[in-house]
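Asks: here's my sequence, what's the structure:
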Amino acid sequence: MAPAAARLQSVCVFCGSADAADPAYLRAANELGRALAQADLKLVYGGGGVGLMGATARGAHEAGGAVLGIIPDFLVGRERALDSVETVVVTSMHQRKQMMFEQSDGFVILPGGVGTLEEVVELLSWRRLDLHAKPVVFYNPDGFWETLFAAFQTGVDARLTPPEFMHTWVTVDRVGDIIPALWSQGTQEIDTRKVRKVT
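Replies: Numbering: from 1, shown residues only. You can find the predicted model right below:
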C-alpha cells in the first residue's frame, strides 16, 4: 500500500489579500506558487488577484501549474478574480471555505490578516475535533505567526486545549521548506460529512 503522503495532489494556500503587504511576502507567495507548479501540485486558493493571493496564483499559473480559485460572488470585483485561471464563483464565505477544504489534500498558511486568521482557526479546530488529518504548514517569516502560537499555548497552559494540539502543524521560515514539510506529514482520508456538520 502506498504511503499516505502519496495522495498529496492539491494544496490550499490561505494568505492575505492586501496589495500593501510587505514586498518580501509578495515575493515569497509568488515563489511558493511556482514551487507548487514545479512539484506538480494543484494550487487551491481564494480566487482573488490581489495581495499574496494573486501573487501565489500568478506564480503557479506562469510556471504552468494547475490553479483553482474559489471566490464568493460579492468579492469578485473587490478581490479582482483572475480570468487566467479556473475560478468557481460561490454564494457565501462558508461555501468558499468548504469547497477549498474539500478540494485540498494539504494546507499552507502564509502571512495574512483577520480573514486568514479566521480560516486558520477553523481549519485547526476541525483538526482538534479529529475531522481531518491533512497536513498544515505555516510559513513564519520573522516570527510572523508567533503571537498566534502563543495564544494557542495559553489555552494549553490553562488546560483548555490538550498539549498534543500544538503538534498538529509544522512551521517553517523558508519557502523552500514548505513542500517538503507537507510531504513529511502525509495525508489521511476524512469523512467530509462530519465536517459539514460543524460549518
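Asks: convert the C-alpha atoms of stretch 144-162 to CSV, please.
Replies: Written as CSV, here are the backbone C-alpha positions of stretch 144-162 (Å, rounded to 0.1, in the frame of the first residue of the first chain):
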residue,chain,number,x,y,z
PHE,A,144,5.0,36.4,11.9
TRP,A,145,2.7,33.8,13.5
GLU,A,146,4.4,33.5,16.9
THR,A,147,1.7,35.6,18.7
LEU,A,148,-0.9,33.2,17.4
PHE,A,149,1.1,30.2,18.6
ALA,A,150,1.5,31.9,21.9
ALA,A,151,-2.3,32.3,22.2
PHE,A,152,-2.8,28.6,21.5
GLN,A,153,-0.2,27.8,24.1
THR,A,154,-2.1,29.9,26.6
GLY,A,155,-5.1,27.7,26.1
VAL,A,156,-2.9,24.6,26.7
ASP,A,157,-1.4,26.1,29.8
ALA,A,158,-4.9,26.8,31.1
ARG,A,159,-5.8,23.1,30.4
LEU,A,160,-8.4,24.2,27.9
THR,A,161,-6.7,22.6,25.0
PRO,A,162,-4.8,19.3,25.0
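Asks: which parts of it are buried?
Replies: 144-145, 148, 152 (16 or more other CB atoms under 10 Å). For the C-beta atoms, the positions are set from N, CA and C on the backbone; glycine is no exception.
Asks: in helices, which of the residues you listed fall?
Replies: Residues of those located in helices (DSSP state H): 148, 152.
Asks: can I get the buried residues of stretch 144-162 in a markdown table including pLDDT and distance to Asp22?
Replies: Formatted as a markdown table, the buried residues of stretch 144-162 follow (pLDDT from 0 to 100; distance: CB to CB, whole Å):
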| residue | pLDDT | distance to Asp22 |
| --- | --- | --- |
| Phe144 | 98 | 9 |
| Trp145 | 98 | 14 |
| Leu148 | 98 | 17 |
| Phe152 | 98 | 24 |
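Asks: same list (the buried residues of stretch 144-162) but as TSV, adding distance to Trp126.
Replies: Converted to TSV, those look like this (distance: CB to CB, whole Å):
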residue	distance to Trp126
Phe144	23
Trp145	18
Leu148	17
Phe152	15
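Asks: for the buried residues of stretch 144-162, which one is nearest Pro111?
Replies: Nearest to Pro111 among those is Phe144, at 4.9 Å by CB to CB.
Asks: now that closest one, nearest residue through space, not along the chain?
Replies: Pro111 (4.9 Å; CB to CB, 6 or more residues apart in numbering).
Asks: again with Asn30
Replies: Going by CB to CB, 6+ apart, Asn30 has Gly59 as its nearest residue, at 3.8 Å.
Asks: show me where the protein has strands.
Replies: Secondary structure of the chain (DSSP state E): strands at 10-14, 42-45, 67-72, 86-90, 106-109, 136-139, 170-172.
Asks: now tabulate the ones you listed in a markdown table and tack on mean neighbour count.
Replies: Output for the strands of the chain, formatted as a markdown table (neighbours: other CB atoms under 10 Å):
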| stretch | mean neighbour count |
| --- | --- |
| strand 10-14 | 25 |
| strand 42-45 | 25 |
| strand 67-72 | 22 |
| strand 86-90 | 16 |
| strand 106-109 | 26 |
| strand 136-139 | 24 |
| strand 170-172 | 17 |
